[in-house]
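>>> need coordinates for the following:
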Amino acid sequence: AVKIEGYDEAFATIDSCATSGEPSPNLYNAVRFIDKNALQIYPSLDHKQQLWNDAHGSWKLQLATGGGKFTEFKPVPIFAFAMID
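As a prediction, this is how the structure comes out:
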């Protein structure tokens, strides 16, 4: 990944929330930052392949917004896993 300004802070917020299972007021903005800047952060196929290598597998879904226009992350009320494959 190419670390642009704000990258470390955004991922620190995301990692902290993912580890604790508790949302923070900054989580939505951190996720949106990574989403909006994905082409700068992962500009080449090599960068995308490294992301795939790091993320491939099964992950417990900790927090979700519920989709749509919701911006507040909440703990997932069920035991759910996401598969990145």
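
>>> going forward, measure contacts and count neighbours with C-alpha atoms only.
Noted.

>>> quick one: contacts of the longest helix along the chain?
Longest helix of the chain, by residue count under DSSP state H: helix 7-20. By CA atoms under 8 Å, 6 or more residues apart in numbering, the surrounding residues in contact with helix 7-20 are 23-24, 26-27, 29-31, 33-34, 62-63.

>>> could you do stretch 62-71 as well?
18, 21-23, 28, 72-76.

>>> ok, 7 Å please
18, 21, 28, 72-76 (CA atoms under 7 Å, 6 or more residues apart in numbering).

>>> give me the buried subset of those residues.
The neighbour count (16 or more other CA atoms under 10 Å) marks 18, 21, 28, 72-73 as buried among those.

>>> using JSON lines, please lay out those together with pLDDT and distance to H47.
Shown next, in JSON lines, are those (pLDDT from 0 to 100; distance: CA to CA, whole Å):
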{"residue": "A18", "pLDDT": "89", "distance to H47": "22"}
{"residue": "G21", "pLDDT": "90", "distance to H47": "28"}
{"residue": "Y28", "pLDDT": "96", "distance to H47": "24"}
{"residue": "E72", "pLDDT": "93", "distance to H47": "30"}
{"residue": "F73", "pLDDT": "92", "distance to H47": "28"}
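
>>> closest to L39 out of those?
Distance ranking of the buried ones among the contacts of stretch 62-71 against L39, using CA to CA, places Y28 first at 18.8 Å.

>>> quick check: which element contains that closest one?
helix 27-36 (DSSP states H and E).

>>> buried set for that helix?
Under 16+ other CA under 10 Å, the buried positions of helix 27-36 are 27-28, 30, 34.

>>> okay, now the unreliable bits of the chain?
Scanning the chain for pLDDT under 70 picks out the ranges 58, 79-85.

>>> CA atoms of the longest helix of the chain as PDB?
Provided in PDB are the C-alpha atoms of helix 7-20 (Å, rounded to 0.1, in the frame of the first residue of the first chain):
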ATOM      1  CA  TYR A   7      -3.600   6.500   6.000                       C
ATOM      2  CA  ASP A   8      -2.000   5.600   9.300                       C
ATOM      3  CA  GLU A   9      -4.600   7.400  11.300                       C
ATOM      4  CA  ALA A  10      -7.500   5.800   9.400                       C
ATOM      5  CA  PHE A  11      -6.100   2.300   9.700                       C
ATOM      6  CA  ALA A  12      -5.300   2.800  13.400                       C
ATOM      7  CA  THR A  13      -8.900   3.600  14.000                       C
ATOM      8  CA  ILE A  14     -10.200   0.700  11.900                       C
ATOM      9  CA  ASP A  15      -7.800  -1.800  13.600                       C
ATOM     10  CA  SER A  16      -8.600  -0.500  17.100                       C
ATOM     11  CA  CYS A  17     -12.400  -1.000  16.500                       C
ATOM     12  CA  ALA A  18     -11.900  -4.300  14.800                       C
ATOM     13  CA  THR A  19      -9.800  -5.600  17.700                       C
ATOM     14  CA  SER A  20     -12.100  -4.300  20.500                       C
END
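
>>> I appreciate the help and will end here.
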